[in-house]
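J.: based on what follows, work out the 3D shape:
(chains A, B, C and D)
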Number of protein chains: 2
Amino acid sequence: MSSAAESVPSPVQTQPEASAGHADAVDRILAVAYELFSRRGVRDVGVNELIERSGVAKATFYRHFPSKDALVLAFLEQRDRQWTVDAIVSEARRRGTTPTEQLLAIFDVFGDWFLREDFEACSFINILLEMGPAHPLGKASIDYLARIRGHVQALAEEAGLARPEDFARSWHILMKGSIISATEGDMQANKRAQQMAAWLIEHHRG
Amino acid sequence: MSSAAESVPSPVQTQPEASAGHADAVDRILAVAYELFSRRGVRDVGVNELIERSGVAKATFYRHFPSKDALVLAFLEQRDRQWTVDAIVSEARRRGTTPTEQLLAIFDVFGDWFLREDFEACSFINILLEMGPAHPLGKASIDYLARIRGHVQALAEEAGLARPEDFARSWHILMKGSIISATEGDMQANKRAQQMAAWLIEHHRG
DNA sequence: AACTAGTAAGACTGGTCTGTCTCTACCTGG
DNA sequence: CCAGGTAGAGACAGACCAGTCTTACTAGTT
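T.: Sure thing, here's the model as predicted:
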């Protein structure tokens, strides 16, 4: 889990001109990997395409990532940061004032997300189903999905709801189901899930 | 293209015209395809493995199926018959007496299914996410998912529920979400979805 | 007996894949 | 200036892929 992504001096900003070599190569690889893996999954993206799109030599790629799977693990971590935390949870917290509103706002954020022409579904679900739950990448995806549930559980606790872990598991069913429905083309899936989510909140009060 | 799962020694005797070889070869291919595609997806299963496991020559394979994708389409149709209709819908109808009970029984059937050690999730969701909604196989998967929704809608109409199509779409979110959760390892996902499903029924009465 | 049709076995084509390795150029620290 | 590390470019290995084609065998029909 801590193999590739943390080897990058991630939070540290890259020096624009100086030491353009190392950090730039890794950052370019990660940026391209995010773009390709999130939109097309793992198996459809080859190492040759990755290095060509990042303008990186193959030896450079394998110097920084011991294998393609290591890069996928780094991508999953990046996805957790950029998508789960920044795009969904933080945005939902920003949109609502009370924890209950913030919970329900998740499905408003989903609504905007579903409408994007480059809607790419949930990478954790995609990779879990693509590789299977026994594969290391599938296991890692399960871990990141559990982290999403953790965010929901935290909001449930802030809202004072009963049995927050059960609540989060039921809530997560609505999130995942609506994502699949959106992939099928149902643009109202977020509204349908939000309605059921409101009933769920109601039944977890007191 | 007749049923292949129980066709190992062939249930219906082959007509004289169909020289035993022909039908047997197709049935063996379909049986192996069902086994491999449902458990490992499309891309992980190669034509060479398919023909080896079916004891069929490569030329025979391509005489009956113009391409691997054509075999996957045949598999999806078979999956609709064997899994959607026979294993889920018919079984749920058998377990309940009223349409409402039959609807809720879907998640009881799911509970038994989730507990199987060879639980393989939903092939339509798997292939939709594996190939993407624009790919012919993804589009076919979307069609078969719509058929599932049609079964739910029929039960909703029998139960006299309001807005049966909306009901079926919301219900399907619960089905798909619980399947993903079961893939992650939550063996109570069917119970959680069933609880929310009961509330959904309640709100569609009258 | 000859013909036909379907079969198994497998070589083969042209392409893909991950990962290793070589070669050369550059930049930086000492 | 020079040594060491990193960079890009790309050849190469070994395996796999979908799909075509050849060969030889078998069984039913005429």
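J.: residues from chain A in reach of DNA strand C?
T.: With C-beta under 7 Å from any atom of the strand as the criterion, chain A comes near DNA strand C at residues A:18-19, A:45-49, A:57-59, A:62, A:67-69. Backbone N, C-alpha and C define where each C-beta goes, glycine included.
J.: again, 6 Å this time
T.: Contact residues (C-beta under 6 Å from any atom of the strand) of chain A with DNA strand C: A:18, A:46-48, A:58-59, A:62, A:67-68.
J.: can you select the buried ones among those residues for me in PyMOL?
T.: The command below creates a PyMOL selection of those among these that count as buried (16 or more other C-beta atoms under 10 Å in any protein chain shown):
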select buried, chain A and resi 68
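J.: make TSV out of the residues of chain A next to DNA strand C and add distance to B:Gln78.
T.: Below are those laid out as TSV (distance: C-beta to C-beta, whole Å):
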residue	distance to B:Gln78
A:Ala18	61
A:Gly46	31
A:Val47	35
A:Asn48	36
A:Lys58	42
A:Ala59	47
A:Tyr62	42
A:Ser67	36
A:Lys68	33
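J.: and the least confident of the residues of chain A next to DNA strand C?
T.: Confidence by pLDDT is poorest for A:Ala18 among the residues of chain A next to DNA strand C, given 34.
J.: and the helix or strand containing A:Phe167, what does it pack onto?
T.: Here A:Phe167 is covered by helix A:164-184, with elements defined by DSSP states H and E. Under the contact criterion of 3 or more C-beta pairs under 8 Å, 6 or more residues apart in numbering or on different chains; DSSP states H and E, helix A:164-184 touches helix A:99-115, helix A:123-131, helix A:136-158, helix A:189-203, helix B:123-131, helix B:136-158, helix B:164-184, helix B:189-203.
J.: now that helix: buried residues?
T.: Within helix A:164-184, the residues scored as buried using 16+ other C-beta under 10 Å are A:164, A:166-184.
J.: point me to the residue of chain A nearest DNA strand C.
T.: Nearest residue of chain A to DNA strand C: A:Gly46, at 3.0 Å (C-beta to the nearest atom of the strand).
J.: confidence score at A:Val8?
T.: On the pLDDT scale, A:Val8 is placed at 32.
J.: check the one 5 residues further on too.
T.: Per-residue confidence at A:Gln13 stands at 33 (pLDDT).
J.: picking up where we left off before, do you know how far the residue of chain A closest to DNA strand C is from A:Ala25?
T.: Remark: distance between A:Gly46 and A:Ala25 (C-beta to C-beta, to the nearest Å) = 18 Å.
J.: same question, A:Arg149
T.: Taken as C-beta to C-beta, the span from A:Arg149 to A:Ala25 is 35 Å.
J.: same question for A:Leu50.
T.: For A:Leu50, the distance to A:Ala25 - C-beta to C-beta - is 12 Å.
J.: ok, these two, which is more surrounded?
T.: Neighbour count, other C-beta atoms under 10 Å in any protein chain shown: between A:Leu50 and A:Ala25, A:Leu50 has more, with 22 against 19.
J.: tell me which residues touch the residue of chain A found nearest chain B, please.
T.: At 2.9 Å from chain B, A:Gly177 is the closest residue in chain A, using C-beta to the nearest C-beta. Taking C-beta atoms under 8 Å, 6 or more residues apart in numbering or on different chains, we find A:Gly177 in contact with A:189, A:193, B:172-178, B:180.
J.: which non-adjacent residue is nearest it?
T.: Among residues not flanking A:Gly177 along the chain, B:Gly177 sits closest, at 2.9 Å (C-beta to C-beta, 6 or more residues apart in numbering or on different chains).
J.: which residues are in contact with the helix or strand in which A:Arg94 is found?
T.: In this assignment (DSSP H and E), A:Arg94 forms part of helix A:90-95. The contact list for helix A:90-95 (C-beta under 8 Å, 6+ apart) reads A:101-103, A:105-106, A:108-109, A:155.
J.: try it again at 7 Å.
T.: A:102, A:105-106, A:108-109 (C-beta atoms under 7 Å, 6 or more residues apart in numbering or on different chains).
J.: tell me the one of those nearest A:Ile125?
T.: Nearest to A:Ile125 among the contacts of helix A:90-95: A:Ile106, at 15.7 Å, using C-beta to C-beta.
J.: tally of neighbours for that closest one?
T.: Counted by other C-beta under 10 Å, the residues lying close to A:Ile106 total 28.
J.: again with A:Asp118
T.: A:Asp118, neighbours per other C-beta under 10 Å, totals 7.
J.: please apply the same query to A:Arg43.
T.: For A:Arg43, the neighbour count with other C-beta under 10 Å is 14.
J.: same deal with A:Arg63?
T.: Around A:Arg63 there are 13 residues (other C-beta under 10 Å).
J.: pLDDT at it, what is it?
T.: With respect to pLDDT, A:Arg63 has a value of 96.
J.: any idea how far it lies from B:Gly111?
T.: Applying C-beta to C-beta, the value for A:Arg63 to B:Gly111 is 49 Å.
J.: and the pLDDT at the closest residue to DNA strand D within chain A?
T.: Going by C-beta to the nearest atom of the strand, DNA strand D is nearest to A:Ala57 of chain A, at 2.9 Å. pLDDT recorded at A:Ala57 is 96.
J.: any idea how far stretch A:32-40 is from the chain center?
T.: 12 Å (C-alpha atoms, centre = their mean, to the nearest Å).
J.: neighbouring contacts of it?
T.: Against stretch A:32-40 from outside (C-beta under 7 Å, 6+ apart): A:45, A:50, A:53-54, A:71-72, A:75, A:78-79, A:118, A:120, A:123.
J.: save the residues you listed as a markdown table, and put in secondary structure, distance to B:Arg95 and pLDDT too.
T.: A markdown table is the format used below for the contacts of stretch A:32-40 (DSSP: H, G, I helix; E, B strand; the rest coil; distance: C-beta to C-beta, whole Å; pLDDT from 0 to 100):
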| residue | secondary structure | distance to B:Arg95 | pLDDT |
| --- | --- | --- | --- |
| A:Val45 | coil | 44 | 98 |
| A:Leu50 | helix | 50 | 98 |
| A:Arg53 | helix | 52 | 97 |
| A:Ser54 | helix | 55 | 96 |
| A:Leu71 | helix | 47 | 98 |
| A:Val72 | helix | 42 | 98 |
| A:Phe75 | helix | 43 | 98 |
| A:Gln78 | helix | 45 | 98 |
| A:Arg79 | helix | 40 | 98 |
| A:Asp118 | coil | 43 | 94 |
| A:Glu120 | coil | 38 | 95 |
| A:Ser123 | helix | 37 | 98 |
